[in-house]
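Visitor: Return atomic coordinates for the entry below.
(one chain, ligands or ions: 2)
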Amino acid sequence: MSESLLAHTAAPAGAAAPWVALVGNPNCGKTALFNALTGSRQHVANYPGVTVERKVGRSMTPGGRELRLIDLPGTYALRARSPDEAVTRDVVLGRLKGEVAPDLLLLVADATNLRPALRLALELKDAGRPILLALNMMDIARHRGFRIDLDRLSRELGVAVVESVAVRRQGTDALLARLDGMLADLPPPGPVTWQEGAAGNVRAAQREADRILAACVAAPADPSSGTRRIDAVLLHPVLGLIILLAVLFLMFQAVFAWATPAMDAIDAGFSALGGLTDAMLPESGALGLLRSFIHDGLIGGVGSVLVFLPQILVLFLFILLLEDFGYMARAAFLMDRIMGGAGLHGRSFIPLLSSFACAIPGIMATRVIDSRHDRLATILVAPLMTCSARIPVYTLIIAAFVPNRPVGEGALAWVNLQGLVMFGLYAAGIASALLVSFVIKKVLWRQHATEPFMLQLPDYKLPSARNLAIGLWQRALVFMRRAGTTILSMMVLIWFLSSVPRPPEGATEPAIEYSFAAMIGRAVEPVLSPVGFNWQISMALIPGMAAREVAVASLGTVYSVAGGEDDSAGLGQALAGKWSLATALAFLAWYVFAPQCAATLGVIRRETGSRRWMLVSFGYMLALAYLAAFATYQIAVLLGAG
Ligand SMILES: Nc1nc2c(ncn2[C@@H]2O[C@H](COP(=O)(O)OP(=O)(O)OP(=O)(O)O)[C@@H](O)[C@H]2O)c(=O)[nH]1
Ligand SMILES: [Mg+2]
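Guide: Residues are numbered from 1 along each chain as shown. Ligands and ions are numbered 1, 2, ... in the order given. Got it, this is the predicted structure:
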């Protein structure tokens, strides 16, 4: 973590480890190589625009020289069009404040697609930095029958060349040894010079790149026939869309179906822990307070969130598989028409899809969009996509109020009703994102037309099990860290508020009715009673501002402290007995829009550089949440679900 924050500031000559920056076209394997060289676990995926910030790590050459490596966003040229490309240009040219230009550029190239890489190589050479060219993806190149004359390439370019297969960590030793040699006798640092080239120069560079390519590379007649055959089906205008919908639908069914056994196991584990606490600690006195804290606060609160880990991992398994296979960019292509109708740029698709996991990486991923208005519109609607923090909220309510049975018979028998409702909630998020962006781009910002969409479609690749495992592990860590920090600290607070003051002598109501939590909840309740929320929900929404799933954990604590009948049956059952269906539906509608996530608001502020857009997104989402919950509740009551 601290490594990635390390700034590459100027150091006394000779003292500090040299800086090596990884540059190259999008999706050529820079991050995979960075991970192989530094042991980091940065996100690697098969579409252009995965890396949008610079990341720093360390490595050691065989000669014992320490290196500081910088992974950068992909680019085709130093002429930056989008914010992520500007990062690369500024690092390469040493333009960032307080930072020097890297000592050496490690230019990574996709060996099966050398043309744009050679053009970039020529441009970087002109800028005057020493370069080592790594021909990556050599496994694929060999398999497809590319023949590359490395010596000739090196001579023609005037740059040292090595081969690598980053995902299998092949070639890294030779690469490091080569770096060692080059760093040992670096030319004295000259000025870094670069000017945006005139059109004539750009064409001349392209011709030179083509000449070198023809001289050094023998390409197979049809370099990507496999990809083309798959694309004939997956990119088909009708069939392609049907497949995309089917994939997404399957994903939500799986979130429910596959995760249940693991969730039950976790649930049973926490129940057992609760039972153990009860058995070991007395019910009254100071130890009784401790027992309530552990049982209701920790186990009831944090446990009610942790139980959703399996579902979140199933969702991520799908997203990571699709990313690694190379399907994401295709889905963006398929959705471009539909999104264009709502004023969204085709490039918005991947940021929006990443927002299914969490709006924060989604908002960061908008850096690949060059038009400021297109980017802003995407940032504003990204939090409407159903992030994984909403899964606990949705699942809890669905499991408590929607019967777990097939939708129908025959062909419908394998469609589970709960999964269908979940799919509907995701669809509601998507539909509202499209609607809001329509209003922003087609009504408010009509003069800023959306620019045409161009995205390089990557070749399909077999997903790597290692990559999947690392990705899932990282997500699990992030989730558990949140449970252990934000959620845990909120739970301590809520348990405290729910437990003091103690009820007066001769009290008739459950103790919690006399607590601060009840006072706070009742104070907010009048505002929220038109949407059907009782004081417990009103109260839970407040700590839910920190993170959405905290609302579930708060309900877990509040209802667990209130205790009574059969609290071992779990929060879901408690809610089913206490809420009307109308309230449950309004609660779901609220969380389709709910703006309560402090971290997302912080990132919106940082990425837009203004408080204004942060307040705008908070305000409009809060208004929509209230309206949607209000409408849902009133309609449901009219229909007799109150
Ligand atoms: N077969 C094979 N796949 C590779 C190799 N290197 C990277 N990949 C895959 O290529 C895809 C892109 O890798 P990344 O490391 O994310 O590429 P990047 O250059 O960092 O991409 P951006 O950050 O989007 O510019 C991923 O699916 C990797 O698993 C390689 O040497 N061989
Ligand atoms: Mg990358």
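Visitor: thinking residue 613 is in contact with residue 604, fair?
Guide: Yes: with contacts counted by C-beta atoms under 8 Å, residue 613 reaches residue 604, the gap being 5.9 Å. For glycine as for every other residue, the C-beta is placed from the backbone atoms N, C-alpha and C.
Visitor: can you list residues touching both of these two?
Guide: residue 379 (C-beta atoms under 8 Å, 6 or more residues apart in numbering).
Visitor: What residue in the stretch 501-642 of the chain comes nearest to ligand 1?
Guide: residue 607 (17.7 Å; C-beta to the nearest ligand atom).
Visitor: Setting aside sequence neighbours, what's the nearest residue to that residue?
Guide: residue 363 (5.6 Å; C-beta to C-beta, 6 or more residues apart in numbering).
Visitor: Next up, the contacts around that neighbour.
Guide: Contacts of residue 363 by C-beta under 8 Å, 6+ apart are 351, 355, 379, 382-383, 600, 603-604, 607.
Visitor: in this protein, what spans have low per-residue confidence?
Guide: 1-15, 190-191, 197-200, 223, 450-451, 453, 562-569, 596 (pLDDT under 70).
Visitor: Can you pull up the most central residue in it?
Guide: residue 361 (3.9 Å; C-alpha atoms, centre = their mean).
Visitor: For it, give its distance to ligand 1.
Guide: Separation of residue 361 from ligand 1 (C-beta to the nearest ligand atom, to the nearest Å): 13 Å.
Visitor: For that residue, give me its contacts.
Guide: Applying C-beta under 8 Å, 6+ apart to residue 361 gives the contacts 354-355.
Visitor: element containing it, please.
Guide: Assessed by DSSP states H and E, residue 361 sits inside helix 359-365.
Visitor: Ok, residue 56 next?
Guide: Counting by DSSP H and E, residue 56 is found in strand 55-60.
Visitor: in stretch 452-464, what counts as buried?
Guide: 453, 455, 457-460, 463-464 (16 or more other C-beta atoms under 10 Å).
Visitor: nope, stretch 582-601 is what I was after
Guide: 582-597, 600-601.
Visitor: so how far is residue 168 from the residue located most distally from the centre of the chain?
Guide: For the chain, the residue at maximal distance from the C-alpha centroid (C-alpha atoms, centre = their mean) is residue 506, at 52.5 Å. As judged by C-beta to C-beta, to the nearest Å, residue 506 and residue 168 stand 73 Å apart.
Visitor: Over to residue 613?
Guide: On the measure of C-beta to C-beta, residue 613 and residue 168 end up 43 Å apart.
Visitor: out of the two, which sits in the more crowded spot?
Guide: Per other C-beta atoms under 10 Å, whichever of residue 613 and residue 168 has more neighbours is residue 613, with 17 against 13.
Visitor: Report the contact partners of that one.
Guide: Residue 613 touches 376, 379-380, 604-605, counting by C-beta under 8 Å, 6+ apart.
Visitor: let's go with 6 Å and repeat that
Guide: residue 604 (C-beta atoms under 6 Å, 6 or more residues apart in numbering).
Visitor: quick one, what contacts residue 51?
Guide: Per C-beta under 6 Å, 6+ apart, neighbours of residue 51: 31, 73.
Visitor: For residue 126, see how far away it is.
Guide: From residue 51 over to residue 126 (counting by C-beta to C-beta), the distance is 24 Å.
Visitor: go on, residue 298?
Guide: With C-beta to C-beta as the criterion, residue 298 and residue 126 are 61 Å apart.
Visitor: of these two, who's got more company?
Guide: Remark: of residue 298 and residue 126, residue 298 carries more neighbours, 19 against 15, as counted by other C-beta under 10 Å.
Visitor: For that one, which non-adjacent residue is closest in space?
Guide: Leaving aside its chain neighbours, residue 298 sits nearest to residue 491 (6.7 Å; criterion: C-beta to C-beta, 6+ apart).
Visitor: and that neighbour, that one's in a helix?
Guide: Yes: counting by DSSP: H, G, I helix; E, B strand; the rest coil, residue 491 falls inside a helix.
Visitor: Does it touch residue 296 like I think?
Guide: No: between residue 491 and residue 296 there is no contact under C-beta atoms under 6 Å: 9.1 Å.
Visitor: Which positions in this protein make contact with ligand 1?
Guide: By the criterion of C-beta under 6 Å from any ligand atom, the positions of the chain lying close to ligand 1 are 24, 26-32, 44-46, 48-51, 73-74, 136-137, 139-140, 165-167, 324, 461, 464, 467.
Visitor: so which of the residues you listed are also by ligand 2?
Guide: Taking C-beta under 5 Å from the ion as the test, ligand 2 is in contact with 30-31, 50-51 out of those.
Visitor: Can you say which of the residues you listed are buried?
Guide: For those, buried by 16+ other C-beta under 10 Å: 30-31, 50-51.
Visitor: on that earlier part again, tell me the spacing between the residue nearest to residue 607 and residue 59.
Guide: Distance, residue 363 to residue 59, using C-beta to C-beta: 30 Å.
Visitor: now residue 494
Guide: 45 Å.
Visitor: Same drill for those two, tell me which one is more crowded.
Guide: Neighbour count, other C-beta under 10 Å: between residue 494 and residue 59, residue 494 has more, with 28 against 21.
Visitor: which element is the more buried one on?
Guide: Per DSSP H and E: helix 488-499 holds residue 494.
Visitor: That helix packs against which elements?
Guide: Counting contacts by 3 or more C-beta pairs under 6 Å, 6 or more residues apart in numbering; DSSP states H and E, helix 488-499 packs against helix 516-528, helix 549-562.
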